[in-house]
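In: Quick one, fold the following:
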Amino acid sequence: MSHTFPFSAIVGQDEMKQAILIAAIDPRIGGVLVLGDRGTGKSTAVRALAALLPPMRAVTGCRYACDPTEGAACCEDCAAQRQAGQAFKTHLMPVPVIDLPLGATEDRVVGALDLERALSQGIKAFEPGLLARANRGFLYIDEVNLLEDHLVDLLIDVAASGENVVEREGLSVRHPARFVLVGSGNPEEGELRPQLLDRFGLSVEVKTPDDLASRVEVVRRRDDFERDPVAFAERWKKEGERIRRQVVAARKRLDETEIPEAARTRAAQLCMALGTDGLRGDLTLMRAARALAALQGHPCVTDAHFRQVAAPALRHRLRRNVLDDAGSTVRVERAVAELLGA
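Out: Presented below is the predicted three-dimensional model:
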């Protein structure tokens, strides 16, 4: 049996952990891009969070794990069953975390004709791909900046619509593909295409710990986990359950968390001061601030929430400024200080 390193046991990397929690609370934010050094816990954090989240309820027998909730997006078979007034049989299942390898073919990603059934039975049947398996979960792409262009275009389309449409080899299939897109990579190995970069709601930077105590603690915990994963998981179980309860409660109160008109104005002013293109930055900033407020149990969004989420929500949306050689994080922090105060 494989074991997952506990989310609650990850040392430091607070911005990354907060961003992933926010995206799990409100998937509409658009996912998380994690850039930084190798070996800093990027993939560990994603898998750990999925293991931490409560199981989700899905339609029994559905290949896309459709949500049985009334009004939720569903596949053609589930839609027909719902329209006929038939009650769904349901079951609980773990939140999926699906890896998208860099060398994956388009057929493997979107799905294709089931050749075995076509040859043996003469039936044209659809074999779902990675996007189907990731529905309602996480789609994780390591070294996302090295992803081939045709897969980037495909992901942009699906991320925008929340639906995968396959029309090939006599097949015409559409199914829900709503997932939290998480990408990681080292910026020194190449930049992301702007179109894909813009689709990530939050962008966080991770670094190798530069203080002795943190480095020692990271190595100690990893060694303890590898020697006895069951005992290690048990040691962190109570803290993990606390985070799980916090996330579940935040999801329930998300829609009730108020964004005052003054806060909306603040968000727009901040984006204008930074010169972000379009309005996606404004939307992401407000959604991230609301999710953070819900996570912290606050009834409404305040300037304090904007301060915490401004950098991850906006740093990857800034244009290059030839007259300002400061990094994007510094520019966001400077604008926040000028507009919101220290």
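In: Any idea which helix or strand in the protein has the lowest mean pLDDT?
Out: helix 115-121 (a mean of 59; mean pLDDT, DSSP states H and E).
In: mind listing what's buried in whichever helix or strand comes after that one?
Out: Using DSSP states H and E, the helix or strand that follows helix 115-121 in sequence is strand 126-128. For strand 126-128, a neighbour-count test (16 or more other C-beta atoms under 10 Å) marks Phe126, Glu127, Pro128 as buried. For every residue, glycine as well, the C-beta is placed using N, CA and C.
In: so which of those residues comes closest to Ala289?
Out: Comparing the buried residues of strand 126-128 against Ala289 with C-beta to C-beta picks out Pro128 as the nearest, at 35.8 Å.
In: partners of that closest one in the sheet?
Out: For Pro128, the beta-bridge partners under DSSP bridges are Gly111.
In: Please look at it and Cys62 and confirm they touch.
Out: No. Between Pro128 and Cys62 there is no contact under C-beta atoms under 8 Å: 10.4 Å.
In: Give me the below-cutoff pLDDT ranges for the stretch 51-200 of the chain.
Out: Within the stretch 51-200 of the chain, the segments meeting pLDDT under 70 span 114-124, 169.
In: ok, which stretches of it are helices?
Out: Listed in chain order, the helices of the stretch 51-200 of the chain (DSSP state H, counting those that start in this stretch) span 76-83, 106-110, 115-121, 130-134, 149-161, 194-197.
In: tally of neighbours for Leu295?
Out: Neighbour count for Leu295, taken as other C-beta atoms under 10 Å: 24.
In: ok, now how distant is it from Glu191?
Out: 31 Å (C-beta to C-beta, to the nearest Å).
In: do the same with Val219
Out: For Val219, the distance to Glu191 equals 32 Å [C-beta to C-beta].
In: do the same with Cys78
Out: Note on Cys78: its distance to Glu191, by C-beta to C-beta, is 40 Å.
In: From Val144, how far off is the nearest residue to Asp149 once chain neighbours are set aside?
Out: Spatial nearest neighbour of Asp149, chain neighbours left out: Arg193 (7.3 Å); criterion: C-beta to C-beta, 6 or more residues apart in numbering. Distance, Arg193 to Val144, by C-beta to C-beta: 10 Å.
In: Of those two, which one has the most company?
Out: Neighbour count, other C-beta under 10 Å: between Arg193 and Val144, Val144 has more, with 24 against 14.
In: I'd guessed the more buried one sits against Asn186; true?
Out: No. Val144 is not in contact with Asn186 according to C-beta under 8 Å; the separation is 10.4 Å.
In: For the stretch 201-342 of the chain, which segments are assigned as helices?
Out: Along the stretch 201-342 of the chain, counting by DSSP H, counting those that start in this stretch, helices occupy 212-227, 229-235, 237-253, 261-274, 280-295, 303-314, 328-340.
In: In the longest one, which of the residues would be classed as buried?
Out: Put plainly, it is helix 237-253. Gly240, Ile243, Arg244, Gln246, Val247, Ala250, Arg251.
In: Tell me the one of those nearest Gly12?
Out: Set against Gly12, the nearest of these by C-beta to C-beta is Ile243 (15.8 Å).
In: The closest one touches Ala51, doesn't it?
Out: No. Ile243 is beyond contact range of Ala51, at 11.4 Å (criterion: C-beta under 8 Å).
In: So for these two, which residues contact both of them?
Out: Shared contacts of Ile243 and Ala51, defined by C-beta atoms under 8 Å, 6 or more residues apart in numbering, comprise Phe7.
In: how much space between Ala50 and Glu205?
Out: As judged by C-beta to C-beta, Ala50 and Glu205 stand 22 Å apart.
In: sorry, that was for Gly297
Out: Applying C-beta to C-beta, the value for Gly297 to Glu205 is 27 Å.
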